[in-house]
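**Student:** Let's see this in three dimensions:
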Amino acid sequence: METLLKCRKFEVYREEVPGLDCILTPCSGGGLFAGVSTAAKSLKPSINCFAVEPDTANDTQQSIRKGERIAIPPPPTIADGLRVQTPGALTFPITRANAEDVLTVTDKEITDTMRFMLLRMKLLVEPSGAAAAAAVFFKKLPDEMKRVGVVLSGGNIDSDLLAQLLSDKEEV
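**Tutor:** So this is what the prediction gives:
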């Protein structure tokens, strides 16, 4: 039932913004990406699905390129929800099948995106949830991707980090 409900939610968005070229999703163990990409491709098989992770926590990107799950040391990144060391055993085959590519973003790109979203759009998104938007803001997509859907997830953020973002300090 939950999968059907999520698929229906995507269907509503698809009707509101028809003709998406791609959808970007933050990627950790791969569960969110696997679900979003499966739903998106069931509704529009030609859609390009991009997983996004921090450049210092790129276990999925490395695994896709190697063709098998790899493990990395504990990754240092502000995006604590994306600090996974290896893609999930159940989700990796789905990610490998559905991902057009795995894009990476830096911590600075994530925090700059969070600051923009909070101050300009009035959206508080946690670092992990802002990764996909950062890939768009910092032009990580192929040029032919014009109509883009972005999954924003989570609003959990440390109050000290939030204060740093609001103070416009360069180092976060």
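**Student:** Quick check: Gly155 touching Gly129?
**Tutor:** Yes: using C-beta atoms under 8 Å, Gly155 is in contact with Gly129, at 7.4 Å. C-betas here are computed from N, CA, C, even on glycine.
**Student:** Show me which of the two is the more surrounded one.
**Tutor:** Between Gly155 and Gly129, Gly129 has the larger neighbour count (other C-beta atoms under 10 Å), namely 25 against 10.
**Student:** Show the contacting residues for that one.
**Tutor:** Neighbouring residues of Gly129 by C-beta atoms under 8 Å, 6 or more residues apart in numbering: 26, 81, 152-155.
**Student:** Quick check on those: which are buried?
**Tutor:** Neighbour counting by 16 or more other C-beta atoms under 10 Å classes 26, 81, 152-153 among the contacts of Gly129 as buried.
**Student:** just these now: which is nearest Phe50?
**Tutor:** Pro26 (10.5 Å; C-beta to C-beta).
**Student:** and the spatially most central residue of the chain, how far is that from Lys108?
**Tutor:** In the chain, the centroid-proximal residue (C-alpha atoms, centre = their mean) is Pro26; its distance is 1.8 Å. Relative to Lys108, Pro26 is positioned 17 Å away (C-beta to C-beta, to the nearest Å).
**Student:** ditto for Ala134
**Tutor:** Computed with C-beta to C-beta, the distance linking Ala134 and Lys108 is 9 Å.
**Student:** So for those two, which residue has more residues nearby?
**Tutor:** The residue with more neighbours, out of Ala134 and Lys108, is Ala134; 30 against 14, by other C-beta under 10 Å.
**Student:** show me the contacts for Thr95.
**Tutor:** Residues in contact with Thr95 (C-beta under 8 Å, 6+ apart) are 27, 30, 33-34, 37, 51, 60, 64, 87.
**Student:** Format those residues as JSON lines; extra columns: pLDDT, secondary structure and distance to Thr113.
**Tutor:** Shown next, in JSON lines, are the contacts of Thr95 (pLDDT from 0 to 100; DSSP: H, G, I helix; E, B strand; the rest coil; distance: C-beta to C-beta, whole Å):
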{"residue": "Cys27", "pLDDT": "96", "secondary structure": "coil", "distance to Thr113": "16"}
{"residue": "Gly30", "pLDDT": "95", "secondary structure": "coil", "distance to Thr113": "22"}
{"residue": "Phe33", "pLDDT": "97", "secondary structure": "helix", "distance to Thr113": "18"}
{"residue": "Ala34", "pLDDT": "97", "secondary structure": "helix", "distance to Thr113": "24"}
{"residue": "Ser37", "pLDDT": "97", "secondary structure": "helix", "distance to Thr113": "21"}
{"residue": "Ala51", "pLDDT": "98", "secondary structure": "strand", "distance to Thr113": "17"}
{"residue": "Thr60", "pLDDT": "97", "secondary structure": "helix", "distance to Thr113": "20"}
{"residue": "Ile64", "pLDDT": "97", "secondary structure": "helix", "distance to Thr113": "23"}
{"residue": "Pro87", "pLDDT": "97", "secondary structure": "coil", "distance to Thr113": "24"}
